[in-house]
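Q: give me a 3D structure for the following:
(one chain, ligands or ions: 1)
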Amino acid sequence: AWTPVNIIEDAAERVREQVGDAHVLLGLSGGVDSSVVAALLHRAIGSRLTCVFVDTGLLRLEEGDQVMRVFDKHLGVRVIRVNAEQRFLDALAGVADPEAKRKVIGRLFVEVFDEEASKLSNVRFLAQGTIYPDVIESAGAKTGKAHVIKSHHNVGGLPEHMKLKLVEPLRELFKDEVRAIGLELGLPREMVFRHPFPGPGLGVRILGEVTKTAADTLRRADHIFIEELRRAGWYDQTSQAFAVFLPVKSVGVTGDGRRYEPVIALRAVQTIDFMTARWAHLPYELLDVVSRRICNEISGVSRVVYDVSGKPPATIEWE
Ligand code: XMP
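A: So this is what the prediction gives:
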């Protein structure tokens, strides 16, 4: 029978056969798939795995520290953390169009990753967290069947000049199998069942131009929302939930007086395939707590709104 233990042993054996005694490089994002690949490869080849984690400055609150805690400290995986926040902010300055932002972020990500990769002399393989649905989706894209509305940069080919061979140990697995082996490999439950997070990160959740102030504000608002969702038992009942930074100023009034600050929108959806989605009918009491906390704890926010749009016609992300 295909138990998580069987799948792990089988996949680890195949990886060992494929890579021999060579070294493998992995871009670790903190998402479920790349995390499971990291844990699996560590099990299969130990210290011959090196992970590169690029902190774009567009990640969630304390996400970088969490990734380092789990992999570097807890599992003993070799992870190189690159703090590239300033480079991303500089590259994004003055860029407001969603697809243009995706291109800038995607290109810079590859550039930063490449720089680190080229410092490692003995690497011959590149591991990727491709799972079976990604294989189907990109096959569809080639024949023009898939509805590719946005350019997703995290499923794609290698930069030509890197000449590394691919290792994709999750290529035949579905998401629930990936999660099951992740748990078996000792990854924290919270990481294994985390909502998906887009490659461009907060870059497409800050509408228009990305600034450091907006990113810091959004990170805190998002953290409050997720914390309260978890506390209320709603996190696992939603497929994706997050805050969005609206660069439109609105007037508010607090004990200290008048405020004229940006607006935070909350988005929570339920979906099976992310192609269509229903907005989550969160309890008013929960929305009330989240809204109060965001306005009280973050001085740079004047008000909070809840997104009641389904997909279609709206997409899940705001950009
Ligand atoms: P939309 O907004 O198109 O999102 O309804 C559907 C799913 O795709 C994710 N998404 C992205 N993921 N790069 C990614 O890796 C992207 O550019 C991107 N845009 C959207 C979104 O978070 C949702 O899960």
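Q: in the helix or strand of the chain with the lowest mean pLDDT, what's buried?
A: Sorted by mean pLDDT, DSSP states H and E, the helices and strands of the chain end with helix 132-142, the least confident at a mean of 77. By neighbour count, and taking 16 or more other C-beta atoms under 10 Å as the criterion, the buried residues in helix 132-142 are Asp134, Glu137, Ser138. Where you see a C-beta, it was placed from the backbone N, CA and C, and this is true even at glycine.
Q: helix or strand right after it?
A: Moving toward the C-terminus from helix 132-142, the first helix or strand encountered (DSSP states H and E) is strand 165-167.
Q: partner strands of that following strand, with direction?
A: Within its sheet, strand 165-167 is paired with strand 123-127 (parallel), according to DSSP bridges.
Q: bridged to the residue nearest to Ser291 when sequence neighbours are not counted, which residues?
A: Beyond its immediate neighbours in the sequence, the residue positioned closest to Ser291 (C-beta to C-beta, 6 or more residues apart in numbering) is Val304, lying 4.1 Å away. Applying DSSP bridges to Val304 yields these beta-bridge partners: Ile264.
Q: picking up where we left off before, centre of the chain versus the least confident helix or strand of the chain, how much separation?
A: Its chain's C-alpha centre lies 19 Å from the corresponding centre of helix 132-142 when counted by C-alpha atoms, centre = their mean, to the nearest Å.
Q: and it with the ligand, contact?
A: No. In this structure, helix 132-142 remains apart from the ligand according to C-beta under 6 Å from any ligand atom; the gap is never smaller than 10.4 Å.
Q: from Phe53, how far off is the residue nearest to the spatial centre of the chain?
A: Closest residue to the average C-alpha location of the chain: Phe197 at 3.2 Å, with C-alpha atoms, centre = their mean. Here the criterion is C-beta to C-beta, to the nearest Å. By it, Phe197 lies 14 Å from Phe53.
Q: got any residues that touch both of the two?
A: Both Phe197 and Phe53 are contacted by Ser29, Gly30, under the criterion C-beta atoms under 8 Å, 6 or more residues apart in numbering.
Q: contact partners for Ser34?
A: Taking C-beta under 8 Å, 6+ apart, we find Ser34 in contact with Leu26, Gly27, Leu28, Gln128, Gly129.
Q: what helix or strand is Thr44 located in?
A: Heads up, residue 44 is Ala, not Thr. helix 32-45.
Q: got the CA positions of that helix in PDB?
A: Once non-C-alpha atoms are left out, helix 32-45 reads as follows in PDB (Å, rounded to 0.1, in the frame of the first residue of the first chain):
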ATOM      1  CA  VAL A  32       4.500  23.600   1.100                       C
ATOM      2  CA  ASP A  33       6.000  22.100  -2.100                       C
ATOM      3  CA  SER A  34       9.500  23.400  -1.800                       C
ATOM      4  CA  SER A  35       9.500  22.800   1.900                       C
ATOM      5  CA  VAL A  36       8.600  19.100   1.400                       C
ATOM      6  CA  VAL A  37      11.300  18.800  -1.300                       C
ATOM      7  CA  ALA A  38      13.900  20.200   1.100                       C
ATOM      8  CA  ALA A  39      12.900  17.800   3.900                       C
ATOM      9  CA  LEU A  40      12.800  14.900   1.400                       C
ATOM     10  CA  LEU A  41      16.100  15.600  -0.200                       C
ATOM     11  CA  HIS A  42      17.700  16.100   3.200                       C
ATOM     12  CA  ARG A  43      16.500  12.700   4.100                       C
ATOM     13  CA  ALA A  44      17.800  11.200   0.900                       C
ATOM     14  CA  ILE A  45      21.200  12.900   0.500                       C
END
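Q: hey, what's the angle from that helix to helix 132-142? Just curious.
A: If you take axes from the mean of the first three to the mean of the last three C-alpha atoms, to 10 degrees, helix 32-45 sits at 120 degrees to helix 132-142.
Q: what mean pLDDT does helix 32-45 get?
A: For helix 32-45, mean pLDDT is 97.
Q: report the buried residues of that helix.
A: Of all the residues in helix 32-45, those buried under the rule 16+ other C-beta under 10 Å are 32-45.
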